[in-house]
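Visitor: Need a 3D model of the sequence below.
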Amino acid sequence: MKRIYCFLKSHPISLIIVLALLGAIAYAFYQHLTAIAITLAVATFSALMLVYIALLEQSPNTIKPKSKENGDDNNKQCETLEQNLKDIQQQLVIQEKLASVGMLTAGIAHEIKNPLNFINNFADMTVELLDELKEELEKPLENAPEETKQAVNSTIDDIVINCKKINEHGKRAESIIKNMLIQARTSDVEKAPLDINALLEEYLNLAYHGMRAQNNKLNVKIEKNIDKSILPVMVDQQSIGRVFLNIINNGLYAANDKAEKISGNFMPTITINSEQDENSVIIKIKDNGNGIPEHVRAKIFEPFFTTKPAGQGTGLGLSICYDIVVSQHGGSLDVVSSPGEYTEFIIKLPKNVSSEKK
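Guide: As a prediction, this is how the structure comes out:
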């Protein structure tokens, strides 16, 4: 790098060009033009590496090997440098492609969202109109044969069922698009110091009561082991709350599903733990459901992979959770499971906070 510095210092025009490129990269990132920023970064990095290689070729006598062994070592170092350069270039190309795919995904999802809203809304409206139609036809059909009445009512009922199915699957498609937009989002999250225990308990209650509203037969035991000495953590409340909500919902679903399929005195249970070590705050969310087989665990964080029955999961929830914890917050998200016994998700978030409590 010293040679490149000397070269730029002695060639002001080249220095100005490099500074302009760096400014353009910073501006592109600021405007969330990720693909353009990565393209400029690749071009700048490649140009500097080409300058460096050219300088090496122009001054072969600057490194004078004292022996054949030293010469071999220098050759190996050059080969290693060249291989590292190729690896970095390949990674940048992959990142550029991923950024382009993300932008394309967001664009397609936005285009689909509006017509899908019309489909869902008109399906609801059609059900209401058919109910009104059924009421209006009661009087004209009073003197009609019984077979005619049954045929008309049966046809109307079939149309109502079809409209409800359209709306049901439209809502699922809307959920998938919403998750795709979240996954394709490139803007920075807004982090603030938050009480991670309070956030965890808030979304635990939200998940439990939300699932109880959908299934009033739900009966799940909740166990909590909270470390109250944990200081506020710098996180984005909405993003981390989404992680807690998604994983707890999955745990409630798994534990309740097992309870419905087996007989006996089995008690579905969700266990929530918070603890800390020197560098991290650790959240553990455990359920005593059916567990996850080893061959499935390897794919569980992949987009569109779901273990739920067809029509009940989008396969994007855990993928987004992984991206939020790992990419946005610099933490880790792991899962341990014993088939037939339990599943436990372990979330680690770095302690990047001030030492004073507010």
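Visitor: Strands along the stretch 251-358 of the chain, start to end?
Guide: Counting by DSSP state E, counting those that start in this stretch, the segments of the stretch 251-358 of the chain that form strands are 269-276, 280-287, 332-338, 342-350.
Visitor: Make JSON lines out of these and add distance to residue 138 and mean neighbour count.
Guide: Placement of C-beta: from N, CA and C, glycine included. Rendered in JSON lines, the data for the strands of the stretch 251-358 of the chain read as follows (distance: least, Cβ to Cβ, whole Å; neighbours: other Cβ atoms under 10 Å):
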{"stretch": "strand 269-276", "distance to residue 138": "50", "mean neighbour count": "18"}
{"stretch": "strand 280-287", "distance to residue 138": "50", "mean neighbour count": "21"}
{"stretch": "strand 332-338", "distance to residue 138": "56", "mean neighbour count": "16"}
{"stretch": "strand 342-350", "distance to residue 138": "53", "mean neighbour count": "21"}
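Visitor: Rebuild those as JSON lines, extending it with distance to residue 193 and mean pLDDT.
Guide: Formatted as JSON lines, the strands of the stretch 251-358 of the chain follow (distance: least, Cβ to Cβ, whole Å; pLDDT from 0 to 100):
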{"stretch": "strand 269-276", "distance to residue 193": "15", "mean pLDDT": "92"}
{"stretch": "strand 280-287", "distance to residue 193": "12", "mean pLDDT": "93"}
{"stretch": "strand 332-338", "distance to residue 193": "21", "mean pLDDT": "90"}
{"stretch": "strand 342-350", "distance to residue 193": "12", "mean pLDDT": "92"}
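Visitor: Kindly present these as JSON lines, with separate columns for distance to residue 223.
Guide: Output for these, formatted as JSON lines (distance: least, Cβ to Cβ, whole Å):
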{"stretch": "strand 269-276", "distance to residue 223": "4"}
{"stretch": "strand 280-287", "distance to residue 223": "9"}
{"stretch": "strand 332-338", "distance to residue 223": "17"}
{"stretch": "strand 342-350", "distance to residue 223": "12"}
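Visitor: just the helices in this protein please.
Guide: Along the chain, the stretches classed as helices by DSSP state H are 2-10, 12-30, 34-58, 68-136, 146-184, 196-214, 237-261, 294-297, 317-322.
Visitor: which intervals of the stretch 1-150 of the chain have sub-threshold pLDDT?
Guide: 1-16, 18-21, 24, 27-37, 40, 42-43, 45-72, 87, 89-111 (pLDDT under 70).
Visitor: Kindly report the same for the stretch 251-358 of the chain.
Guide: Filtered on pLDDT under 70, the stretch 251-358 of the chain yields the residue ranges 303-316, 352-358.
Visitor: now with 90?
Guide: Confidence mapping of the stretch 251-358 of the chain against pLDDT under 90 gives the ranges 251-268, 277-279, 289-330, 337-341, 351-358.
Visitor: still on that earlier bit, out of the strands of the stretch 251-358 of the chain, which is closest to residue 238?
Guide: Closest of the strands of the stretch 251-358 of the chain to residue 238 is strand 342-350, at 14.9 Å (criterion: Cβ to Cβ).
Visitor: Can you give the strand pairings for that closest one, parallel or anti for each?
Guide: strand 280-287 (antiparallel), strand 332-338 (antiparallel) (DSSP bridges).
Visitor: Export those strands to a markdown table and append columns for distance to residue 234.
Guide: Formatted as a markdown table, the strands paired with strand 342-350 follow (distance: least, Cβ to Cβ, whole Å):
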| stretch | distance to residue 234 |
| --- | --- |
| strand 280-287 | 11 |
| strand 332-338 | 16 |
